[in-house]
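fold the following for me, if possible:
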Amino acid sequence: MADLPTLLLASLNPDTRKQAEQNLNAVSTQPGFLSHLLRLVLDPAQDRAVRLSGSVYLKNITKLRWDEDVQPLPEQDKAALRSQLVPAMLTLSDPSDKSVRAQVAESVSLIAELDFPEKWGDLIDQLVSSLSATDYNINLGVLQTAHSIFRQWRAHVRSDELYSEINLVLSKFMDPFLQLFRQTTSLLLNPTQSPELTTPAANYALLAQSMVLLIDIFYDLTCQDLPPAIEDTHEEFFAPGSGWFQKFLSWDPESLRGDPDDNTPSLSSQIKTGILEISELFIKLYPEQLQKTPAVESLVQGVWSLVGSNRLPNVADDSLVSQSLRFLSTAIRSGYYKPLFSSRDTISSLVQGVVVPNVTLREHDIEQFEDDPLEFIRLDLALSTTGTDLATRRQAAADVLQALVGSGYEAETTEIVGAWINTGLTEYAANKEENWKAKDSAVYLLTALATRGSTSQHGVTSTNALVDVVKFFSDNVYEDLKAAPGAVHPILQVDAIRFLYTFRNQLTKDQLLSVLPLLVHHLDSSNYVTYTYAAITIDRVLFIKQGNQLLFAQADIHDFAPALVDALLKKIESAGSAEKVAENDHLMKCIMRVIVTARQTLTPVYENTLARLVAILGVISKNPSNPNFDQYIFESISGLMRFVVAGTPATIVTFEQALFTPFTIIIQADIDQYIPYVFQVLAQMLELHPGAVPAEYRSLLPFLLTPAIWQQKGSIPGLVKLLKAFLSRDAAQMVAGGQVASVLAVVQQRLIPSKLNDAWGFELLQSVIQNVKPSDLQQYMKPVILTLLTRMQSSKTDKFVYHFARFLLFTMAINVEGLGPDYIIAVIEQIQPQLWSQILTNFVIPQAPKVPHKDRKLAVVGMTRLLCESRFMMQQPSVQAWPVAYTALGKLFSEPQYFKNNTEDDPHAGLTAIDYEEQTAGYQAAYSRLAASESTEIDPVAFVQNPQQYLKQGLEALSKTYGQQVQMLISSAESGPIV
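Numbering: from 1, shown residues only. Next comes the predicted model:
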């Protein structure tokens, strides 16, 4: 481990990163590695880059390998690290160690999520005993550690286990927490009392940093339920005028104000933001607590004093202003404070003093539009969500309007805001060059006023009945949408496109078809935001659904689809460097959407489109930097292949010629972000290739079966898909080459032992059973079943039990010559006589009625063949379980609607329904699935058309052999006769 610093430094250099990471992974398996790495991170004599890289590597190990069950970290190493982490956080209490401390805190959080409290019982005791009455550097480390552990509760669903954990923390942490909160508050509000702690200014700032974390922890401790200690001290925090929270809202010490040009929120601003987040949480979860005193009325007054009439215009205060407005929206929506908000004067004051000033564009917004367009778009599209800094002032102000409209003040609000909208439009008409901002505000206000319900996926879903959206579009917005470049301010043109994006569901198909060419035209704009918003809107318009059907089909975009793809590709190609090419994933997403909508329409230009996509892939693979762009480019390639080859099968050869070389380069260069996609597209190509499997594919097989390639978790589903394609096309050759044994070794050694990947192991195993002759498999089956039983004994999970039972039913159900129920039962009986009856009783029979709807038919056929075709099932002791198995089969027959083959009219419906608005792609251990590469699932028991008839015939055949015994068995079943 002596060369660990050198390896950590090498991992920061793109040229040496890959080799360094491989070497680090090798070193990390040595006993004592975790403690050694932490010592390195804490050593001030080490290079700063080494320490930071080490802290990141430690975090990644805890994230990816802490709970790994295939190559587990030694338990004693994990225990040693747990004991060292809290002292490490305290050692890193110096401000210069802030970035390293943040990474170590993340490690604490990740480990605590898995090990606390069962394996880390003294964690809270360690934290509490480390708190200091005088050293706030130490307290900062403790509080940061505590918050990193407790903040996870915010996202958790209520459960007994979670409440036990919270109660354990409260029993040990609450009293010292309240004590430190009171002390810190007192020092901040009365700094002259203890000058030794509040001076110089750096010490006062340290107190304020601690208070930011104390308020974060207050939120953590109350996010699930109200602890008795906080309920008892409610007035200490919330009492009007005298409560700590009220006092902090008006507290603004000069020494903490910060530079007006700095965009980072000041510490006092962060404290106020946190207090308003807590207040919003209490309105939602504990309204009766707040209603004991006029706390909310007092907080609303405090917010008005804080942000009314645009008192905080600086960017640094954006989070505070946005949270202040969210607090107002939540108070309005709660319905508990109607007297406070119902008067016309109050609504007018809110609109004039809070909404309009925050909807108006600032100089910073205009600069961002010009200089950082992607960030402008990101913030503009971000939904307002509590507790995030994503919501802009504009969105938070719009939310206040929507709260008023949705809480019974629709008529008054519409009238008051309508007057402001008309004023803005009149100002603009008087001087279009100078007053364009007035129109921008008017359009934004109208959008906010008209929106009653919306989602990121579908846009506005319900509107304010008092606002005519389509008329406003025709009278005021359409003119900017069709204006020539430069004729109106580009922000107004973006407003027009955004209006279309927002209200796409309120326009008819004909209206949308009439404006689509205008959007296509805007793709040629020289303004980054304009052409990007045009691409975003085209994507969303093409995704509109009515009922469960997409509104637009290939015929609707037939005439302009090739030109549309060409325009989008030109924008991406002109970007230059790898990072710039990949930065705008909106453009690539739009290409993907056009490809999956246009389908065969692109066949005449597919070669050019494919070549350009491959060229772009070549550029971005030099430095992968945007996971979303990567997902969409592979989805585009896969979608193009899917539809073009479906219409013209011979084109598969062109795709193979275009893709084999770049894919080989990606695999050889080990570009791990792309390899999961490459495997999926290779599997898709192999499935589409007619005739014998070409040598180019076969040459990949040895590589696919090496242990190293299976170590990247994200690759496993793609690898399984690719091996399944090989097995379905080339099983005989794989048997001859000894490669089936290697596939089964992967199943036994890498997949089945892993709780994360066992389902993929079963999927691959089932493919082997389905495609390899039973006589060729015979020698391998006993070790395979032993592996499954060993895992069942050592670390059984509900998921594994289900997959085990499904695997047995699958093996019995499929129609393969030489394979039947007794094939697999004989293997089990070889391991231990009468073992089958135990497995049947304990696993197969209990699991069969629970199978999901999609597997019902498979389970019915498997159980039918087991009962009617198995010699073992008619012998002791298994025959005793026959009536119980028959009853389980009866339960499966209770929902016969699920036996139908689920063949949709459109085999591509699953693909075009895929949407990425509500699922983020990323370079995570999780799998990045390519929807376009998915093939329609084949029914493994398609040979059975009518399961009831199949059972009837099976029982008749069984009766011919066993006579009256069969009727006696049926009559002794709880269910009675099924057919």
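
so where's the protein shaky on pLDDT?
For the chain, applying pLDDT under 70 flags the ranges 383-390, 454-458, 895-927.

ok, longest helix in it?
When the chain is parsed with DSSP state H, its longest helix is helix 160-189.

now the next helix or strand after it: buried residues?
Counting by DSSP states H and E, the element after helix 160-189 in chain order, helix or strand, is helix 195-198. Residues 197-198 are the ones in helix 195-198 that count as buried (16 or more other Cβ atoms under 10 Å). C-betas here are computed from N, CA, C, even on glycine.

returning to that earlier point: how distant is the longest helix of the chain from the center of its chain?
Taking Cα atoms, centre = their mean, to the nearest Å, one finds helix 160-189 lying 32 Å from the centre of the chain it belongs to.

same question for stretch 956-972.
With Cα atoms, centre = their mean, you get 53 Å for stretch 956-972.

same check, this time on stretch 38-51
33 Å.

what comes up buried for that stretch?
Buried residues in stretch 38-51, counted by 16+ other Cβ under 10 Å: 38, 40-42, 46, 50-51.

wait, doesn't L214 sit right on F177?
Yes. Look at L214 against F177 with Cβ atoms under 8 Å: they come within range, at 7.5 Å.

rewinding a little: closest one to D115 out of the buried residues of stretch 38-51, please.
D115 lies nearest to L38 out of those, by Cβ to Cβ, at 16.0 Å.

what about that closest one, which helix or strand?
Counting by DSSP H and E, L38 is part of helix 33-42.

kindly export that helix (C-alpha atoms) in CSV.
C-alpha atoms of helix 33-42 as CSV (Å, rounded to 0.1, in the frame of the first residue of the first chain):
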residue,chain,number,x,y,z
PHE,A,33,-7.0,-1.0,3.4
LEU,A,34,-9.9,1.1,4.6
SER,A,35,-8.1,2.3,7.8
HIS,A,36,-4.9,2.9,5.9
LEU,A,37,-6.8,5.0,3.3
LEU,A,38,-8.5,7.0,6.1
ARG,A,39,-5.1,7.7,7.8
LEU,A,40,-3.8,9.0,4.5
VAL,A,41,-6.8,11.3,4.1
LEU,A,42,-6.2,12.7,7.6
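
who are the packing partners of the helix or strand following that helix?
Scanning forward in sequence from helix 33-42 by DSSP H and E, the next helix or strand is helix 48-64. Counting contacts by 3 or more Cβ pairs under 8 Å, 6 or more residues apart in numbering; DSSP states H and E, helix 48-64 is packed against helix 4-10, helix 33-42, helix 98-115.

now render those helices as JSON lines, adding distance to K247.
Output for the helices and strands packed on helix 48-64, formatted as JSON lines (distance: least, Cβ to Cβ, whole Å):
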{"stretch": "helix 4-10", "distance to K247": "47"}
{"stretch": "helix 33-42", "distance to K247": "39"}
{"stretch": "helix 98-115", "distance to K247": "28"}
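
quick one: which of those helices is nearest Q352?
Once the helices and strands packed on helix 48-64 are compared by Cβ to Cβ, helix 98-115 is nearest, at 42.2 Å.

distance check, S164 against D225.
Distance of S164 to D225, computed by Cβ to Cβ, to the nearest Å: 12 Å.

ok, these two, which is more surrounded?
Neighbours were counted for S164 and for D225 using other Cβ atoms under 10 Å; D225 has more, 17 against 11.

name the residues that touch stretch 766-777?
723-724, 727-728, 731, 734-735, 740, 743-744, 747, 807, 810-811, 814, 816-819, 823, 940 (Cβ atoms under 8 Å, 6 or more residues apart in numbering).

quick check: PyMOL command selecting the buried ones in these.
Filtering those down to the buried ones (16+ other Cβ under 10 Å) takes a single PyMOL command:
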select buried, resi 723+724+727+731+734+735+740+743+744+747+807+810+811+814+816+819+823+940
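
which residues in the stretch 201-350 of the chain form helices?
Secondary structure of the stretch 201-350 of the chain (DSSP state H, counting those that start in this stretch): helices at 201-222, 228-232, 234-238, 244-249, 267-285, 287-290, 295-307, 318-334, 338-341, 344-350.

for the stretch 751-900 of the chain, same thing?
758-771, 774-794, 798-813, 821-831, 835-839, 845-847, 856-869, 882-892.

so which of those gets nearest L955?
So among these, helix 856-869 is nearest, using Cβ to Cβ, at 6.0 Å.

just the CA atoms of the closest one, as PDB, please.
What follows is helix 856-869, C-alpha atoms only, in PDB (Å, rounded to 0.1, in the frame of the first residue of the first chain):
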ATOM      1  CA  ARG A 856     -49.700 -16.300 -14.500                       C
ATOM      2  CA  LYS A 857     -49.900 -18.400 -17.700                       C
ATOM      3  CA  LEU A 858     -46.400 -19.700 -17.300                       C
ATOM      4  CA  ALA A 859     -47.100 -20.700 -13.700                       C
ATOM      5  CA  VAL A 860     -50.400 -22.500 -14.700                       C
ATOM      6  CA  VAL A 861     -48.600 -24.500 -17.500                       C
ATOM      7  CA  GLY A 862     -45.700 -25.300 -15.100                       C
ATOM      8  CA  MET A 863     -48.100 -26.500 -12.400                       C
ATOM      9  CA  THR A 864     -50.300 -28.400 -14.900                       C
ATOM     10  CA  ARG A 865     -47.300 -30.300 -16.300                       C
ATOM     11  CA  LEU A 866     -46.000 -31.000 -12.800                       C
ATOM     12  CA  LEU A 867     -49.300 -32.500 -11.700                       C
ATOM     13  CA  CYS A 868     -50.100 -34.300 -14.900                       C
ATOM     14  CA  GLU A 869     -46.700 -35.400 -16.400                       C
END
